[in-house]
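S.K.: structure, please.
(one chain, ligands or ions: 1)
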Amino acid sequence: MMKNVKPATLAAHAGGAVDASSGGVVPPIQPATTFLRDADYELLNADNVYQRPHSDTVRTAEEVIRALEGAFESLLFPSGMAAIAAAFRWVPSGGHVIVQSRIYWGTTKWIRAFCERRNIELSELDASDMPTVAEHTNKADLIFIETPSNPWLKTVDILAVSEQAKAIGAVLVVDATAATPVLMKPLTLGADIVMHSATKALNGHSDVLGGALSCAADSPVWEAIKTDRADAGAVMGPFEAWLLLRGMRTLPLRVERMSTNAMKIAEYLHDHPAVEDVFYPGLASHAGHGVAQRQMVGGYGGLLSVLIKGDKQNALKVAGRLNLFLRATSLGGVESLVEHRFTVESHTGLPENLLRLSIGIEDVNDLIEDLGQALGQ
Ligand SMILES: *Cc1c(COP(=O)(O)O)cnc(C)c1O
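M.R.: Numbering: from 1, shown residues only. This is a model prediction of the structure:
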């Protein structure tokens, strides 16, 4: 692989991975759980002893993510939540973590239980308080932010938070799932670790569960995360890694289309009489638009939320009338999805008339037509 190629080239070539032994233009899946030694008891391949810590197929997928992030190293996990858990598990009992409020509900739920069990102090702060977090506390082990956030689409200034994190000696972890490494590179904005649910746009085809952590530099915390993955065994299998690798070949292309589609749909919904509000960082009316413009390049992603005028029934009626948008949770796939979050998350203060849309790569006019008939234009 040539050095310094652009992301679309790197992804299309899977970082240059081919199969040297067969001459195949795609890398093989190596499913072996254990690896040979010769008669002198030397390993045939010094990198491979046992699959839990050693899988060439997983390493190949990790190398693509590492290169896209501009990271020192990347690690894959069997889900996004396994990656988040790994990013927190090194925090000592009696420690202190600061977590952005109103982020992905699964993250909040796990962190609250984890901190209680481990006697770790947990501060949950609104996205708008994150850039001045050092005024709220003078010591923390870890700061966790999610930008753009799911499903509120709040934008957090990563560079500003990273300066605060350094001032109080905290490791900054950024969940950048909704942005993807194509649109935003938190490690270049001062984050220590960037996290993705690879289940979403990284894989992009709604058929692999996975998570990724990437670090800006080696550190004792990163080494602890690596050791914990190998020893506790939260690893991705080779088949999933291979599918992810194939999915990522089109990542920049898919993200570009999702972003332009989502921008047009956000503008359409913004002007629609049946719509109360639209949350999308690409809209000039969005509170975080300026920050998003500074830290995202090439678009604002495929995730947006919309408040339907009226109550829960009005929102459910719109969701029910959609023909093209599939009614299902998750995001980042090639097919557009709609979700009434309140149905699954009614206790967290989410508006009951909110619909979350994950915009896919379909023809945008088909999507707008479907939305138009569902909203009753
Ligand atoms: C889906 C998601 C996760 C969790 O990832 P899984 O792969 O489902 O475990 C974490 N953060 C965000 C922003 C997500 O959308």
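
S.K.: ok and the residue in the stretch 101-250 of the chain nearest the ligand?
M.R.: Taking C-beta to the nearest ligand atom, the ligand has its nearest neighbour within the stretch 101-250 of the chain at Ser197, 3.1 Å off. For glycine as for every other residue, the C-beta is placed from the backbone atoms N, C-alpha and C.

S.K.: work out for me the element Val58 sits within.
M.R.: Element membership for Val58 (DSSP states H and E) is helix 56-69.

S.K.: what is the rounded mean pLDDT of that helix?
M.R.: What helix 56-69 shows for mean pLDDT is 98.

S.K.: tilt between whichever helix or strand comes after that helix and helix 56-69?
M.R.: Remark: after helix 56-69, the chain's next helix or strand is strand 73-77, criterion DSSP H and E. Put simply, strand 73-77 runs at 130 degrees to helix 56-69, going by axes from the mean of the first three to the mean of the last three C-alpha atoms, to 10 degrees.

S.K.: which helix or strand lies directly C-terminal to strand 73-77?
M.R.: helix 80-88.

S.K.: interface residues of the stretch 151-300 of the chain facing the ligand?
M.R.: Applying C-beta under 6 Å from any ligand atom, we find that the stretch 151-300 of the chain lies next to the ligand at Asp175, Thr177, Ala178, Ser197, Thr199, Lys200, Leu209, Gly211.

S.K.: hmm, back to that, go through the helix holding Val58 and flag the buried ones.
M.R.: 56-69 (16 or more other C-beta atoms under 10 Å).

S.K.: gap between the residue of the stretch 101-250 of the chain closest to the ligand and Leu213?
M.R.: 11 Å (C-beta to C-beta, to the nearest Å).

S.K.: and Asp231, by the same measure?
M.R.: Plainly put, Asp231 is 16 Å away from Leu213 if you go by C-beta to C-beta.

S.K.: quick one: which of those two has more around it?
M.R.: Counted by other C-beta atoms under 10 Å, Asp231 and Leu213 do not tie: Leu213 has more neighbours, with 27 against 10.

S.K.: show me the contacts for that one.
M.R.: Each residue near Leu213 by C-beta atoms under 8 Å, 6 or more residues apart in numbering is listed here: Ser74, Leu75, Phe77, Ala83, Ala86, Ala87, Ile193, Val194, Met195, Ile225.

S.K.: now Thr227
M.R.: Per C-beta under 8 Å, 6+ apart, neighbours of Thr227: none.

S.K.: quick check: angle from the helix or strand in which it is found to strand 73-77?
M.R.: If you go by DSSP H and E, Thr227 is part of helix 220-232. When the same axes, to 10 degrees is applied, the directions of helix 220-232 and strand 73-77 differ by 30 degrees.

S.K.: which non-adjacent residue is nearest the closest residue to the ligand within the chain?
M.R.: Going by C-beta to the nearest ligand atom, the ligand is nearest to Gly80 of the chain, at 2.2 Å. The shortest distance from Gly80 to any non-neighbouring residue, by C-beta to C-beta, 6 or more residues apart in numbering, is to Ser197 (2.8 Å).

S.K.: around that neighbour, count how many other residues there are.
M.R.: As a burial measure, Ser197 scores 30 neighbours (other C-beta under 10 Å).

S.K.: can you give me the distance of His272 to Val318?
M.R.: Distance, His272 to Val318, by C-beta to C-beta: 11 Å.

S.K.: overlap in contacts of those two?
M.R.: Residues touching both His272 and Val318 by C-beta under 8 Å, 6+ apart: Leu375.

S.K.: count of neighbours near Gly376?
M.R.: 10.

S.K.: what's the answer for Leu355, then?
M.R.: 26.

S.K.: kindly report the same for Pro273.
M.R.: 8.

S.K.: ok, now how distant is the residue lying closest to Trp105 once chain neighbours are set aside from Val161?
M.R.: Nearest residue to Trp105, sequence neighbours excluded (C-beta to C-beta, 6+ apart): Glu345, at 5.2 Å. According to C-beta to C-beta, Glu345 and Val161 sit 25 Å apart.

S.K.: look up which helix or strand Ala315 falls in, please.
M.R.: Assigned by DSSP H and E, Ala315 belongs to helix 312-321.

S.K.: can you give me the strands for the stretch 101-250 of the chain?
M.R.: With DSSP state E, counting those that start in this stretch, the ranges of strands along the stretch 101-250 of the chain come out as 121-125, 142-146, 171-175, 193-197, 211-215.

S.K.: out of these, deepest packed?
M.R.: Comparing the strands of the stretch 101-250 of the chain by mean neighbour count (mean count of other C-beta atoms under 10 Å), strand 193-197 ranks first with a mean of 28.

S.K.: direction included, what does it pair up with?
M.R.: strand 171-175 (parallel), strand 211-215 (antiparallel) (DSSP bridges).
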